[in-house]
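Enquirer: have a look at this prediction, sequence included:
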Amino acid sequence: MRRTVELGFLLALALILSYVESLIPFSFGIPGMKLGLPNLIVLLLLYEEAGQADSEDGENGARGRGMSKGAREALLVNGLRIVLSGFLFSNLYAILYALAGAAFSFAAMLAGIKWGRLSMTGVSVLGGVFHNIGQLLMAMAVVETLAVAYYAPFLIAAGTATGALIGLLGTELAPYLRRLEQNGKRKGK
């Protein structure tokens, strides 16, 4: 029950970050470019479980396993966040593009974590780049032309920059969240 409440809180926080992001005029002539603030929640959920495995099994404890509980929770929260924020702040096409980007991003981040040689920032950069690649592929399918591939270098650069920013934020926040979780477990005993 406690974990359900925590996930509900994280979903609400991701929705708030989506709303805040929709208010920020962050566009350098590239349609749909965003900071990716809600991806911070996904990244922290992915690393929450990986961090626990690291402390129990050594540095690469999460490597070589199936999808962890944290990964399933990250996938659930992100999927719900995309659908809800799409209906609240956007439209059906935005949901379609966001789901495509999220699928590519999630797969890339999960692979980066399992590989075990990237920092949280490196994994976040992978997520940012592959999110944009997923959206670009969706755009090619929707408009039925390869001409939108022209945006690829700009989107890859933007995904790298925003992924690094989110990764750095995640790296700074993760230790505090682990301490909060440990304090919560001690009080729950």
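Expert: Sure thing, it's come through. Residues are numbered from 1 along each chain as shown.
Enquirer: packing partners for the helix or strand containing residue 7?
Expert: Using DSSP states H and E, residue 7 falls within helix 2-23. On a contact count with 3 or more Cβ pairs under 8 Å, 6 or more residues apart in numbering; DSSP states H and E, helix 2-23 meets helix 39-57, helix 69-89. (C-beta placed from N, C-alpha, C; glycine too.)
Enquirer: among these, which is the most enclosed?
Expert: helix 39-57 (a mean of 21; mean count of other Cβ atoms under 10 Å).
Enquirer: least reliable of the helices and strands packed on helix 2-23 going by mean pLDDT?
Expert: Mean pLDDT per stretch puts helix 39-57 lowest among those, at a mean of 71.
Enquirer: about what we covered before: in a markdown table, list the helices and strands packed on helix 2-23 along with distance to residue 149.
Expert: What follows is the helices and strands packed on helix 2-23, written out as a markdown table (distance: least, Cβ to Cβ, whole Å):
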| stretch | distance to residue 149 |
| --- | --- |
| helix 39-57 | 23 |
| helix 69-89 | 24 |
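Enquirer: C-alpha coordinates for the helix holding residue 7, CSV please?
Expert: Taking C-alpha atoms only, helix 2-23 is exported to CSV below (Å, rounded to 0.1, in the frame of the first residue of the first chain):
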residue,chain,number,x,y,z
ARG,A,2,2.8,2.4,0.9
ARG,A,3,4.5,1.9,-2.5
THR,A,4,1.3,2.6,-4.3
VAL,A,5,1.0,5.9,-2.5
GLU,A,6,4.7,6.7,-3.3
LEU,A,7,4.1,5.9,-7.0
GLY,A,8,1.0,8.1,-7.0
PHE,A,9,3.0,10.9,-5.6
LEU,A,10,5.7,10.4,-8.2
LEU,A,11,3.1,10.4,-11.0
ALA,A,12,1.6,13.6,-9.6
LEU,A,13,5.1,15.1,-9.5
ALA,A,14,5.7,14.0,-13.1
LEU,A,15,2.4,15.6,-14.1
ILE,A,16,3.4,18.9,-12.4
LEU,A,17,6.8,18.8,-14.2
SER,A,18,4.9,18.2,-17.5
TYR,A,19,2.7,21.3,-16.8
VAL,A,20,5.7,23.4,-15.8
GLU,A,21,7.5,22.3,-18.9
SER,A,22,4.5,23.3,-21.1
LEU,A,23,4.8,26.8,-19.7
